[in-house]
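S.K.: dropping a prediction and its sequence here:
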Amino acid sequence: MKESAESLNFIEHIIEEDLANGFPQEKLRFRFPPEPNGYLHIGHAASICLNFGLGEKYQAPVNLRFDDTNPSKEEQEYVDAIKRDIAWLGFRWANECYASDYFQQLHDWAVKLIKEDKAYVDQQTSEQIASQKGTPTTPGVDSPYRNRPVEESLDLFQRMKNGEFPAGSYVLRAKIDMASPNMHMRDPIMYRIINAHHHRTGNDWCIYPMYDWAHGESDYVEQVSHSLCTLEFKAHRELYDWYLDQIYDSNLLRPKQREFARRNLSYTVMSKRKLLELVQKNIVSGWDDPRMPTISGLRRRGYTPTSIRKFSDLAGIAKRDNVTDVSLLEFCIREDLNKTATRVMAVLNPVKLVISNYPEGQSEILQLENNPEEANSGTHEVPFSRELYIEREDFKEDGGKNFFRLSLGNEVRLKSAYIIKGESVIKDDAGNILEIHCTYDPETRSGSGTEASERKVKGTLHWVSIAHAIKAEVREYDRLFLDEAPDAHEEKGFLEFINPNSLNVIKEAYCEPFLANATLDDKFQFQRLGYFTLDPDSNDGKLVFNKTVGLKDTWAKQNTQAPTQNQAKPQVQAQPQTQKKALNEIQQIGKKLTNLSGEKLETAMNSIREFAEEVTYEELEPLFGTAAKKTGTRIATMLALGVLLNKGQAKNQAILDFIESGKADENEILRAESEKLS
RNA sequence: UGAUCCAUGGUGUAACUGGCAACACGUCUGAUUUUGGUUCAGAAGAGUCUAGGUUCGAGCCCUAGUGGAUCAACCA
């Protein structure tokens, strides 16, 4: 069926196993079941890519089903946003479904359960019901209404449905087991009364099914074969199956629920509740703020569907708790944009550069490559003149050896233009640089083919002609939180970790005129700076660019490393360097010892003996306790012990025991070395 | 003080019914480069939480521990 050489995740293994056991592939069916009470985020993308990816892989239909069983929280706005985001990611659902489509069926099945004495109407307060429920460690007690006559429940349920009772006064409960170790089995509520307008059924209903009752039965109605959800629903599975048991017709397919771990991203939060809080407290500008991990936020930031799908693919699916590093997401978007983004030039922090030997009033048109990674991408025109802007950071009067940019007396290339040489600077009274004066070599124009134009210089700068530049606002973003897992702290709320500098607005950046025609979907690389895209806040007179992500910058890294470096490994240098190192070396070499033979083995053993010269007995003794199966480490320890004994170390009981255990080992080398010491 | 799930380099995932721990990101070298980008070549980094056991052989199986997560909404 599948010739895949690539590895499968555990969900795929389950499906392959089902297929191998005779489950017909054409009956495979999946679903993505969002509740329309918030926007989709990158964590949902994992589930979307999993379900729709499975659909593509097995040629199976995938339904989009809105889990709209709680009209007090759900809104049409969210339905629209969710559909937009999934479609934007490039997936197509087989059917657009709603749990509310099945309200009548669900109601009829509930009546059936009541008639079979498997459900009853309770009329206690939610507090009473909660207290009777017990705790995970203590069993619950039965409701006084648990054994009310079937007819009475039937009548009350009918009247609940007819709107005769106020919200909260009655509920329908499944009659299962108040002593079950699984809290979800302790007579779970199936229906409650809610007097709210539903976005689809309007005021047709005033009783609404709970998640557990609606979800599995909806899967059954749609004949979903594999109902995939996140781990926190694991405990619901027993109930999912119980509900199915009550209505299941063996001629039909029986859905099965399987659970995977939700995906977390470092330096952000991933729960709709918390994201909503960020929106409501105006910490961000909305669900689509470019700093948000929402699909719509990422889209506005400049992420592409390709990059998000690639990310989901690389991150994978499994069952353990995880915090995926944002750097993986950034890798994915850089990889995509590097291949597709149009190269342009823009200066964000300008300083004036005057080419003193370029004729005043003159200008010329140069060609700029659209994308060096794409042979057929062509070029566009960029005007050049005597007065330019370059980045302030690209100039230092005296740059030093490792500074590849412009400094006095040094040459650099202006990208796609000429080679220039720094000559002088003009400063104000405070010492701020106002202008840099340079000279250019007219023979060095890019692409002119002259020998001079082929000359190699250390650095290349981007630039923009002042007279021709257009202004734009540029918004740069940083992580929203300063902590890697802001919601993983018991003591502190996630809002305490907000990064106060997550947004940096540059009101006046200077762009080459080509950008005047930018449209919302365009992706640009501002050369040497990063990837940018137009923000919807742009209008006729005003361009606003979002920085999607910067280019990798090994230069910036070198410059910031000095102060940051030490926090990487704080715990190491407690002991004198050389001794610590020697023992480590011995362990390191020891680990691999059992994989070596002949000359290599001999060399390794000798270097262990050498390192042993620098080790004290006190350091070595703890290694005597090394687990029996870590033979290599034990051999290394034995060798080192030999060296110490030679140096006059007395044999104590620990040493004798260790040697004896070595002699009894099944490894030849270890036995031999132990013999030598006894 | 219960039930259930999880535990593999810094991070995320692999390793088909046991056979010398792989891939990606990240990190570090070097080369190329009219983007300190890209590309290319290479390196470091894990006896798979611990201790036992089964086996010729265990990351995979068993036992016991340890650590983490989840479960007590008329939310999903």
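M.R.: Yep, that arrived. Keep in mind that this is a model prediction, so the values were computed, not measured. Numbers count the residues shown, from 1 in each chain, chains lettered A, B, ... in the order given.
S.K.: what's the neighbour count on the residue lying closest to A:Asp483 once chain neighbours are set aside?
M.R.: Leaving aside its sequence neighbours, A:Asp483 sits nearest to A:Phe497 (CB to CB, 6 or more residues apart in numbering; 4.1 Å). In short, each C-beta sits where N, CA and C put it, glycine included. A:Phe497 has 19 neighbours, counted by other CB atoms under 10 Å.
S.K.: give me every residue in the stretch 351-500 of chain A lying close to RNA strand B.
M.R.: A:371-373, A:402-405, A:413, A:415-416, A:444-447, A:453, A:456, A:459-460 (CB under 7 Å from any atom of the strand).
S.K.: from these, keep the buried residues only.
M.R.: By neighbour count, with 16 or more other CB atoms under 10 Å, those hold A:371, A:403-405, A:413, A:415-416, A:444-446, A:453, A:459-460 as buried.
S.K.: residue ranges in the stretch 451-600 of chain A under the pLDDT threshold?
M.R.: A:561-600 (pLDDT under 70).
S.K.: show me where it has its helices.
M.R.: Here the stretch 451-600 of chain A has its helices, by DSSP state H, counting those that start in this stretch, at A:554-564, A:577-593, A:598-612.
S.K.: just give the nearest non-adjacent residue to A:Asp142, would you?
M.R.: In space, A:Asp142 is closest to A:Met178, 5.3 Å off (CB to CB, 6+ apart).
S.K.: just to be sure, that neighbour is in a strand?
M.R.: No. Read with DSSP: H, G, I helix; E, B strand; the rest coil, A:Met178 is coil and lies in no strand.
S.K.: and the residue of the stretch 351-500 of chain A found nearest RNA strand B, helix, strand or coil?
M.R.: Closest approach between the stretch 351-500 of chain A and RNA strand B, counting by CB to the nearest atom of the strand: A:Ser446, at 2.3 Å. Here A:Ser446 is coil, with the state taken from three-state DSSP.
S.K.: report pLDDT for it.
M.R.: Looking at A:Ser446, its pLDDT stands at 95.
S.K.: residues touching it, list them.
M.R.: Each residue near A:Ser446 by CB atoms under 8 Å, 6 or more residues apart in numbering is listed here: A:Leu366, A:Arg413, A:Lys415, A:Ser416, A:Ala417, A:Tyr418, A:Ser453.
S.K.: what strand or helix carries the first one?
M.R.: Under the criterion DSSP states H and E, the helix or strand holding A:Leu366 is strand A:363-369.
S.K.: tell me the buried residues in that strand?
M.R.: A:Leu366, A:Leu368, A:Glu369.
S.K.: pairing partners for it, with directions?
M.R.: The sheet places strand A:363-369 alongside strand A:379-385 (antiparallel), with pairing taken from DSSP bridges.
S.K.: the following helix or strand past the partner strand packs against which elements?
M.R.: Counting by DSSP H and E, the next helix or strand C-terminal to strand A:379-385 is strand A:387-391. Judged by 3 or more CB pairs under 8 Å, 6 or more residues apart in numbering; DSSP states H and E, strand A:387-391 is in contact with strand A:346-347, strand A:350-355, strand A:464-465.
S.K.: let's see 6 Å
M.R.: If contacts are counted by 3 or more CB pairs under 6 Å, 6 or more residues apart in numbering; DSSP states H and E, strand A:387-391 sits against strand A:350-355.
S.K.: tell me the pLDDT of A:Thr201.
M.R.: 97.
S.K.: right, and it touches A:Asp101 too?
M.R.: No. Using CB atoms under 6 Å, A:Thr201 makes no contact with A:Asp101, being 9.1 Å away.
S.K.: between these two, which has more neighbouring residues?
M.R.: Counted by other CB under 10 Å, A:Thr201 and A:Asp101 do not tie: A:Asp101 has more neighbours, with 19 against 16.
S.K.: ok, that one to A:Asn51 distance?
M.R.: The spacing between A:Asp101 and A:Asn51, counted by CB to CB, to the nearest Å, is 19 Å.
S.K.: okay then, goodbye and thanks.
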